[in-house]
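[1] sequence and predicted structure are below.
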Amino acid sequence: MKIRTARKDRNSGEVSFAKKRFRFSDWLAEKIIKMVAFLSIAIVVLIFIFVFREAFPIFRMDVKDKANKEVLVQESYGGAGSENSSVKTSDNQVDNSNKVQASIDKPSSTLLTDTWMPVSDNPRYGIWPLFFGTLKVTLIALLFAAPISILAAIYTAMFAKPRVREIIKPVIELLAGFPSVVIGFFALMVMATVFQDIFGYASRLNAFVGGIAMGLAAIPIIYTLTEDALTAVPKTYIEASLGLGASNRQTAFYVVLPAAVPGVFAAVILGIGRIFGETMIALMATGNAALTSINPFESVRTLSATIGAEMAEVVFGDTHYSVLFLIGSLLFIFTFTLNAIAEFYIKNIVVRKYQSKK
Amino acid sequence: MNNIKVKVNELSLRYGNNLALKNISMDIPENMVTAFIGPSGCGKSTFLRTLNRMNDLIDNVTIDGEVYIDNLNIYDKNIDVVNLRKKVGMIFQKSNPFAKSVYDNIAFGPRINGISNKGKLDEIVELSLKQAAIWDEVKDRLFHSALSLSGGQQQRICIARTIAVNPEIILMDEPASALDPISTSKIEELIHELKRQYTIIIVTHNMQQAARTSDFTAFFYLGDLIEINKTEMIFSNPAKKQTEDYISGRFG
Amino acid sequence: MKRVNKDTIIESVTGLSVLAIIFIIVTILVITIIGGWPNLNLKFLSEFPKDGMTKGGIFPAIVGTALMTLIMAVAAVPFGVITAIYLAEYANENSIIAKTIRFAVKTLAVVPSIIFGLFGLGFFIGFVGKNMDSLFSGGELRWGQPNILWASLTMALLTLPVVIVSVEEAIRTIPKEMREASLALGATKWQTIRKVVIPGSVSGIMTGTILAISRGAGEVAPILFTGAAYFLSDLPHSLSDQFMSLGYHIYIMSTQSSNVDATLPIQFATTLVLLLLTFSLNGVAVVLRYRIRKNAK
């Protein structure tokens, strides 16, 4: 057989494989597909940039919406000393502004205070009460949702007969299909009244009502992920345990549950993330008052509800606007971190755990 | 005496560090049926897949040596693999028709090659199905889903589909192992017919099938080519002891 | 004997949890139906609100929701499908790029919906819209404000992960043998995707689209300040108009309506409409997904 090297062969038959053909549509398709896929990364980066961008001015900013800036008191504004344009404009207001001025604080200095009062002569942007409110509501929601979801998942994964499981799972996942505005409506109209009748407290809409309602929104997440984690435990573990004479209950609690802990942990974390960022239920059921008491039956204001309630009323670009974006940035960082923990924790702990068993 | 269609020269294949094929050399004659036999895991399917470069789809595979088809080394870096596969078709162990109609399955290849004229496509479909000896069974069901056919019929659809692209070599990886005896014998008859036009290479774990259908047989063991010869010789008077042991069922 | 008691207690407690959850779901459904059913009729669905929202129907809210989810789907589905194709067919699972894209998709899935609203405000309205205005209308305010286009695009970002996950799942159920058959016939990778993979994942694409629309119809936070309005006398005529939406309507009406007695029935009825809408969409998607998984086996 005469051997030849692959080169352009003009005389070969209709289909020659002698020369590598460049197929334009394949090349183009691949390029476009890759570019579009990159979009998801680009979007996350863009969200990062644009949300933080609108929040950033707060740290360089003087109070813009009240024309009370003075050259005299430049020190109390500190900062980089920029934004001088607004300082020069109000020379003619030197007299009466003196009194008011003393009590107008640099916005960024009020961020860590106890008062959230953005609409006033002396705006205070203390984020702390909002944060406290969010924590309070999240805690109540978690105390309600986590146990009930995990227990229900245990029943579904460990005790229920297969046919029953086929029914329970989709029904509970149905709860995930309730838009949060519907749950909020239900909380506002029905739950608030019912709870007030039972517990007899003063504020009809408070952290308790909001918390329970948000728990309802979190139940499907915690339930589904926990059930997945439980069913992902290798059957061999269960069989080994039952084979040693353990009961279903003992197997569930001493073998399966411990093995599924990382997954359950991740489920709870993601549930927390959901509750932390939930807006509509908070807007409708928590009372929207930035109070910081321990009493669960007092109204609260959450971070996301604040954004939701006030953004529509705010002037584009002013201090209040920037603070709301700042809150958004914090929420973004928080949920991003929570997600990263859940992802890497699961990947590292779970993978290591199961790989070593092989 | 027939021409040599495929010439393999010192071909070795590694999965990572694991040497799966060891320095295989052989000549495969044109328009004949060559069978690869050997116990499970001996590398015969892997070797078959080197002939149309389907191993390219697997990560971590390294290949040394050459495979010459029509005097061209198909492992040359200038080779167009896509066109190669039009020349060297493959039938898989488990039949895999597309989830489309019988007609669209057969027309798939021609359509990729740019043929869109309905008349021409009809012609090719009919011809291919006739060559695959299944035209009469499906001519009234051309536009039904190919998945509604029986296993044996599906495999013949796959053969027709491959023929429609007008290959010169057809590789068959245990084509009848999942089929009942009647379908199997239909396929074996088909192979006998097809070799007039195509060069056929078939992998089989069924020795009797190799004896029935092939002109040449190659015996593989643990990645080595032990022996290749005319089928009558392999089965009546093998040169190597290993071949004889396998044939007489001492291991397998 | 003691062990049996413990077993039954645990089984009962966990079983009760299941019942409790189901009880809550049923309660919400029943109360919504009782409150809303009396008002639910063709007139309600086809009329505009009247008398300061105390009478009439929610037709513009239905239309607004439909239009918004339609634009959203047109934006999100192609990108979602292409990204899913990349992840399933082109990406090398161990590459940093693939892992980063997956992480980005998961991140988008857990970001609170209000953040998307902020992004819509800061990026679409404050950046894209504003620049469009300076470029095309000489600074006159047209695109640099809330409207149905920006609201839909904002919602598209939120539902993108939903589409990607559904479509990728469907693509992965196509057996490797089918791709091999195509390649063995001399098809290129792109031809294989175009002629075998995509046609085979159509039901997954439909599932993803339906789930995205269901989600988009129900979320309110992203459209609070990117385009939704409470009372508009007319339907949106162009992409730069605002729109009414079922979810937003429920929110405003229940928290800010002046005449609660008169609007309460309408609130319940609107909630019922939204619930029926999302449930039926989800139901269809679940059935589709079940059929996909059954075919895969």
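    Received the coordinates, thanks. Just so it is clear, the model here is predicted, and its values are computed rather than measured.
[2] make it CA atoms for all contacts and neighbour counts henceforth
    OK.
[3] can you name the residues that contact the residue in the stretch 1-150 of chain B that chain A sits nearest to?
    Residue of the stretch 1-150 of chain B nearest chain A, by CA to the nearest CA: residue B:80 (4.0 Å). With contact taken as CA atoms under 8 Å, 6 or more residues apart in numbering or on different chains, residue B:80 is in contact with A:17, A:18, A:19, A:20, A:21.
[4] can you tell me how far it sits from residue B:47?
    With distances taken as CA to CA, to the nearest Å, residue B:80 is found 20 Å from residue B:47.
[5] how about the nearest residue to the residue of the stretch 1-150 of chain B closest to chain A, chain neighbours excluded?
    Using CA to CA, 6 or more residues apart in numbering or on different chains and skipping residues adjacent in sequence, the residue nearest residue B:80 is residue A:20, 4.0 Å away.
[6] sec struct for the one you found, please.
    Reducing the assignment to helix, strand or coil with DSSP: H, G, I helix; E, B strand; the rest coil, the entry for residue A:20 is coil.
[7] for the stretch 151-252 of chain B, what lies in contact range of chain C?
    Residues of the stretch 151-252 of chain B found near chain C (CA under 8 Å from any CA of the partner chain) are B:162, B:165.
[8] hey, where'd the helices end up in the stretch 151-252 of chain B?
    Shown for the stretch 151-252 of chain B, the helices assigned by DSSP state H, counting those that start in this stretch span residues B:151-163, B:181-194, B:207-213, B:231-236, B:241-247.
[9] ok, residue A:20 - how many residues close by?
    Using other CA atoms under 10 Å in any protein chain shown as the criterion, residue A:20 is surrounded by 17 other residues.
[10] return the residues in contact with it.
    With contact taken as CA under 8 Å, 6+ apart, residue A:20 is in contact with B:78, B:79, B:80, B:81.
[11] how much space separates whichever residue of the stretch 151-297 of chain C sits closest to chain B from residue A:136?
    The nearest approach of the stretch 151-297 of chain C to chain B comes at residue C:186, 4.7 Å away (CA to the nearest CA). For residue C:186, the distance to residue A:136 (CA to CA) stands at 63 Å.
[12] residue C:149 now?
    Using CA to CA, residue C:149 is found at 37 Å from residue A:136.
[13] for the helix or strand containing residue A:195, which positions count as buried?
    Remark: residue A:195 resides in helix A:192-199, with elements defined by DSSP states H and E. Buried residues in helix A:192-199, defined by neighbour count with 16 or more other CA atoms under 10 Å in any protein chain shown: A:192, A:195, A:196.
[14] and stretch C:18-31, by the same measure?
    With burial defined by 16+ other CA under 10 Å, the residues of stretch C:18-31 counted as buried are C:18, C:21, C:22, C:25, C:28, C:29.
[15] thinking again about what came up before, any chance of the helices of the stretch 151-252 of chain B in TSV with distance to chain A and mean neighbour count as columns?
    Below are the helices of the stretch 151-252 of chain B laid out as TSV (distance: least, CA to the nearest CA, whole Å; neighbours: other CA atoms under 10 Å in any protein chain shown):
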stretch	distance to chain A	mean neighbour count
helix B:151-163	15	26
helix B:181-194	21	17
helix B:207-213	27	17
helix B:231-236	23	17
helix B:241-247	29	17
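[16] tell me which of those helices sits nearest to residue C:168.
    Residue C:168 lies closest to helix B:151-163 among these, at 27.4 Å (CA to CA).
[17] before we move on, back to that, got phi/psi on the residue of the stretch 151-297 of chain C closest to chain B?
    In this entry, residue C:186 is assigned phi and psi values of phi 90, psi 30 (degrees, to the nearest 10).
[18] hmm, it is touching residue B:82, no?
    Yes - between residue C:186 and residue B:82 there is a contact at 4.9 Å, judged by CA atoms under 8 Å.
[19] who's more crowded, those two?
    Per other CA under 10 Å, whichever of residue C:186 and residue B:82 has more neighbours is residue C:186, with 26 against 21.
[20] roughly how far does the residue nearest to residue B:80 sit from chain C?
    In this structure, residue A:20 and chain C are separated by 13 Å, where distance is defined by CA to the nearest CA, to the nearest Å.
[21] how close does that residue sit to residue B:76?
    If you go by CA to CA, the gap between residue A:20 and residue B:76 works out to 10 Å.
[22] of all the residues in chain B, which ones are close to chain A?
    Checking chain B against chain A by CA under 8 Å from any CA, the hits are B:4, B:68, B:71-73, B:76, B:78-84, B:86-87.
[23] report all helices and strands that the host helix or strand of residue A:212 contacts.
    Counting by DSSP H and E, the element that carries residue A:212 is helix A:207-231. Secondary-structure packing of helix A:207-231 (3 or more CA pairs under 8 Å, 6 or more residues apart in numbering or on different chains; DSSP states H and E): helix A:128-154, helix A:162-176, helix A:180-186, helix A:257-277, helix A:280-285.
[24] deepest-packed of those helices, please.
    Comparing these by mean neighbour count (mean count of other CA atoms under 10 Å in any protein chain shown), helix A:280-285 comes out on top with a mean of 29.
[25] does chain C have contacts with the helix or strand following it?
    Taking DSSP H and E as the definition, the helix or strand that follows helix A:280-285 towards the C-terminus is helix A:303-310. Yes - using CA under 8 Å from any CA, we find that helix A:303-310 touches chain C at A:304, A:307, A:308.
[26] residue contacts, the first one?
    By CA under 8 Å, 6+ apart, the contact set of residue A:304 is A:276, A:277, A:278, A:279, A:282, A:327, A:328, A:331, C:114.
[27] could you do the second one as well?
    Going by CA under 8 Å, 6+ apart, residue A:307 touches A:324, A:325, A:327, A:328, C:114.
[28] what's the closest of these to residue B:165?
    If you rank the contacts of residue A:307 by distance to residue B:165 using CA to CA, residue C:114 comes first, at 55.7 Å.
[29] that's a strand at the closest one, yeah?
    No - under the criterion used here (three-state DSSP), residue C:114 is helix, not part of a strand.
[30] can you name the residues that contact residue C:109?
    C:158, C:159, C:161, C:162.
[31] redo those as CSV? Include neighbour count, distance to chain B and pLDDT.
    Listed next are the contacts of residue C:109 as CSV, based on neighbours: other CA atoms under 10 Å in any protein chain shown; distance: CA to the nearest CA, whole Å; pLDDT from 0 to 100:
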residue, neighbour count, distance to chain B, pLDDT
C:158, 26, 33, 95
C:159, 26, 30, 95
C:161, 26, 28, 95
C:162, 25, 26, 93
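[32] shaky segments in chain C?
    C:1-4, C:296-297 (pLDDT under 70).
[33] ok, now how distant is the residue of the stretch 1-150 of chain B closest to chain A from residue B:226?
    When CA to CA is applied, the distance between residue B:80 and residue B:226 equals 32 Å.
[34] ok, residue B:57 next?
    In terms of CA to CA, residue B:57 sits 27 Å off from residue B:226.
[35] so between the two, which is more surrounded?
    Regarding residue B:57 and residue B:226, a neighbour count based on other CA under 10 Å identifies residue B:226 as having more, with 17 against 10.
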